[in-house]
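S.K.: Quick one, fold the following:
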Amino acid sequence: MRIAEISPEDGALGQELLGLQHAAYAVEAEIIGDDRIPPLHETLTELLAEPLLWLGAVDDDNRLVGAVAWEETPGEVDVNRLVVHPGAHRRGIGRALVKEVMARAGGRGVVVSTGRANGPARTLYERLGFTLRGEVEVIPGLWIVNYAFPG
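M.R.: Numbering: from 1, shown residues only. Next up, the predicted model:
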């Protein structure tokens, strides 16, 4: 697997990334019992409108198996989304992508949010040293937890 900068504006990659995102968030929706996750229903136009930086994980067959997107300011990096192909879970792809973003943060704090009931994502962030900072009900009945590194 190799990790490289990608852009959803690069022709067919945008559609591939959108499909990966939908597949990954469908798994999260099943885990948390709620399909009101905005990226699950995002269109390509909406995805392209997001001011995000992207890294992609490409397997040996040159297939996109994971991606991470973030926004950054001079003081902080905000991981906006982390997606891994459902057929590629438990291979360290999500971990490698988040670690790469952490390395690129250059000493800035890194924050991330996930569904409160998303045990696999929460375990990943906690094992990487993120500290729980709180939880928020973003829409009625849909709770997210916020993490920060360093804690």
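
S.K.: Look at Glu42 and give its secondary structure.
M.R.: Following DSSP: H, G, I helix; E, B strand; the rest coil, the label given to Glu42 is coil.

S.K.: For it, give me phi and psi.
M.R.: phi -70, psi 140 (degrees, to the nearest 10).

S.K.: Please apply the same query to Tyr147.
M.R.: According to degrees, to the nearest 10, Tyr147 has phi -120, psi 150.

S.K.: I'd assumed Leu128 was in contact with it.
M.R.: No: assessed by C-beta atoms under 8 Å, Tyr147 is found out of contact with Leu128, at 9.0 Å. Any C-beta I mention is one placed from the backbone N, CA and C, and that applies to glycine too.

S.K.: Helices along this structure, start to end?
M.R.: 12-32, 44-49, 93-104, 119-127 (DSSP state H).

S.K.: re the thing from before, looking at Tyr147 and Leu128, which is more packed in?
M.R.: Legend: neighbour count by other C-beta atoms under 10 Å for Tyr147 and Leu128, higher for Tyr147 (23 against 16).

S.K.: And the more buried one, how far from Gly11?
M.R.: 34 Å (C-beta to C-beta, to the nearest Å).

S.K.: ok, now Leu17?
M.R.: 11 Å.

S.K.: can you check Leu128 too?
M.R.: In terms of C-beta to C-beta, Leu128 sits 33 Å off from Gly11.

S.K.: residues touching the spatially most central residue of the chain, list them.
M.R.: Against the mean C-alpha coordinate of the chain, by C-alpha atoms, centre = their mean, the closest residue is Leu82 at 1.3 Å. By C-beta atoms under 8 Å, 6 or more residues apart in numbering, the residues touching Leu82 are Gly66, Ala67, Val68, Gly94, Leu97, Val98, Val112, Ala121.

S.K.: Report how many residues lie close to the closest residue to the third one other than its chain neighbours.
M.R.: By that I understand Val68. In this structure, Val68 finds its nearest non-sequential neighbour in Leu97, 4.0 Å apart by C-beta to C-beta, 6 or more residues apart in numbering. Leu97: 23 surrounding residues under other C-beta under 10 Å.
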